[in-house]
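> Pasted the sequence and its predicted model underneath.
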Amino acid sequence: MKSLFDQETTEALQQLCDETCEAMQLARKSPELDDLSACLAVALLKIGLATGFIEQRYPGFAKEIEVKRQRVIAALAAEQQQQKH
């Protein structure tokens, strides 16, 4: 299968994904709110970095993510409304 990215970018993205997953695993085990917020901050940072890498190669990618995020929010809101009725 052909990769979307060159070897260096693919490896950088893989590392960011691995680090994001690691931060989320630590967040699940966080005993304190301060630890939880720190782990989530790291995960969000890594996701932002990954998005930025892709945005450099495919301008508009970040906007596409936001459009899809808004669709998911709208679908979840609609589902909640249906459950109330």
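Received, thanks. Numbering: from 1, shown residues only.

> Does the residue nearest to Ala27 when sequence neighbours are not counted lie in a helix or a strand, and which?
Spatial nearest neighbour of Ala27, chain neighbours left out: Cys39 (3.7 Å); criterion: C-beta to C-beta, 6 or more residues apart in numbering. From N, CA and C alone the C-beta is placed, and that goes for glycine too. Element membership for Cys39, per DSSP states H and E: helix 33-57.

> Just the buried positions in that helix, please.
For helix 33-57, burial by neighbour count (16 or more other C-beta atoms under 10 Å) applies to 39, 42-43, 46-47, 49-50, 53-54.

> what's the farthest-apart pair in these?
The most widely separated members of these are Cys39 and Ile54, with 23.2 Å between them, by C-beta to C-beta.

> Sketch out the low-pLDDT regions of this protein for me.
Residue ranges of the chain with pLDDT under 70: 1.

> Spit out the contact partners of the residue nearest to the spatial centre of it.
With distances taken as C-alpha atoms, centre = their mean, Ile47 lies nearest the centre of the chain, 4.4 Å away. Residues near Ile47 by C-beta atoms under 8 Å, 6 or more residues apart in numbering: 16, 20.

> From Leu40, how far off is it?
10 Å (C-beta to C-beta, to the nearest Å).

> and what of Arg71?
23 Å.

> Also Asp6?
Distance from Asp6 to Leu40, counting by C-beta to C-beta: 31 Å.

> again, but for Thr9
25 Å.

> repeat for Pro31
The gap separating Pro31 from Leu40 is 14 Å, by C-beta to C-beta.

> What of Glu8?
28 Å.

> Spit out the contact partners of His50.
Heads up, residue 50 is Ala, not His. Applying C-beta under 8 Å, 6+ apart, we find Ala50 in contact with 13, 16-17, 20.

> Apologies, that question was intended for Ala77.
Ala77 makes contact with no residue, according to C-beta under 8 Å, 6+ apart.

> distance of it from Ile65?
Taken as C-beta to C-beta, the span from Ala77 to Ile65 is 19 Å.

> ditto for Gln56
14 Å.

> likewise Ser37?
23 Å.
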